[in-house]
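Asker: Model the structure of this input:
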Amino acid sequence: MTASQNASQQPRTYAAAHFALELDGKKDVGLFRSIEGGGVKADVMTYQYGAMYDRWRQLGKPKFEDIKLQIGMAMSKPFYDWIQEFFGGEGVRKNGAIVAADFYYKERARREFKNALIKEVTFPKLDAQDKNAVYMNVTIAPEEIEFKAGKGERLVVANGMHNQKLWTACNFRLAIDGIDESATKRVTKIDSFTIKQDILDYHMGGARAPTKSRGRIDYPNIVFYLPESDAEPLIKHFATRAIKGEVRGHSTQRSGIIQTYDNEMKPLFAVEFFEADLLSVTPDKSDASSEEIKQVKFEMYVERMSFDWMAMEVV
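Answerer: Model (predicted):
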């Protein structure tokens, strides 16, 4: 066989732009913007015998890297259910696969994972002046990853590409119970925040790799910005509770919601927060040369959150 004939029989390369995710055997999970991670590496163990200068090395236990997904609104019910369960502290494990495809969307390679837990969910910065599409980042921690050849099947996706950009940074609403909605309807920005779950590695017996157990969930503070002309009710609320200490007690803490919309103002999803209260008020720097609207930065702690994807119309 000549070199040219041998080269013609080699597998053709393919682009990295076509990929999909399977969960628990379901192939119609949806479309992602990007997937990274999911590699495998092993520790190297070094031995030295007695007074000898030589050292011997061998592979130790394997380590499976986290898988980081960047998602928009083109996912299907199983994935949003998984996020909703994560917020509820249920710690649901999923088996699945990352599928790479060629130009014709035919499966060329697979990375199958087992017993994966959601580790982090990051929501992007929301800004009333930003009309670009935004995406959530979801990190999952698998117990095992296996590389396999593709089956040659065509990728199946549940939602169209247009759904990927339904969520833009400018369409949102923040409401806090007990605070007049007119005081928060002109919130201009909400900073990015991340919900994290501790993942604990448990080594047992002669198992090659540790099992993963879920730990506690850490809910972040929410930081938002409001024009100073609208900030008086919130400043008054903060002064009454934090400065004067006139109102105290767990039962007096607030609940609220961050609601997102598409460009037609149809609900996409909501993040609710509970047992929350303001912990800081910071006015913008005053500058004689600035022509921007004066803002006030508010920071609020929360005890727990929930994710309601049922507010979103999935097609």
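
Asker: low-confidence ranges in this protein?
Answerer: 1-17, 28, 156-165, 247-251, 287-288, 290, 310-315 (pLDDT under 70).

Asker: From Q58, how far off is the residue of it positioned farthest from its centre?
Answerer: For the chain, the largest distance from the centre (C-alpha atoms, centre = their mean) belongs to A51, which lies 51.9 Å off. Distance, A51 to Q58, using C-beta to C-beta, to the nearest Å: 21 Å. From N, CA and C alone the C-beta is placed, and that goes for glycine too.

Asker: Equivalent analysis for V121, please.
Answerer: 38 Å.

Asker: what do you get for G96?
Answerer: With distances taken as C-beta to C-beta, G96 is found 32 Å from Q58.

Asker: who has more neighbours, the two?
Answerer: Taking other C-beta atoms under 10 Å, G96 and Q58 do not tie; G96 has more neighbours (23 against 10).

Asker: residues in contact with that one?
Answerer: L21, E22, L23, D24, V29, E112, F113, A116 (C-beta atoms under 8 Å, 6 or more residues apart in numbering).

Asker: Pretty sure the fourth one sits against K94.
Answerer: In this case it means D24. Yes - when contacts are counted by C-beta atoms under 8 Å, D24 is listed as touching K94 (5.9 Å).

Asker: one step back: quick one, which of the contacts of G96 are buried?
Answerer: L21, E22, L23, V29, E112, F113, A116 (16 or more other C-beta atoms under 10 Å).

Asker: So which of those are in helices?
Answerer: In helices, judged by DSSP state H, none of these are found.

Asker: Format those as JSON lines; extra columns: distance to R208.
Answerer: As requested, the buried ones among the contacts of G96 are exported to JSON lines (distance: C-beta to C-beta, whole Å):
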{"residue": "L21", "distance to R208": "25"}
{"residue": "E22", "distance to R208": "24"}
{"residue": "L23", "distance to R208": "25"}
{"residue": "V29", "distance to R208": "29"}
{"residue": "E112", "distance to R208": "16"}
{"residue": "F113", "distance to R208": "15"}
{"residue": "A116", "distance to R208": "17"}
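
Asker: quick one: which of the residues you listed is nearest P210?
Answerer: A116 (14.0 Å; C-beta to C-beta).

Asker: Just give the nearest non-adjacent residue to the closest one, would you?
Answerer: Distances taken as C-beta to C-beta, 6 or more residues apart in numbering place P142 nearest to A116, at 4.1 Å, with adjacent residues excluded.
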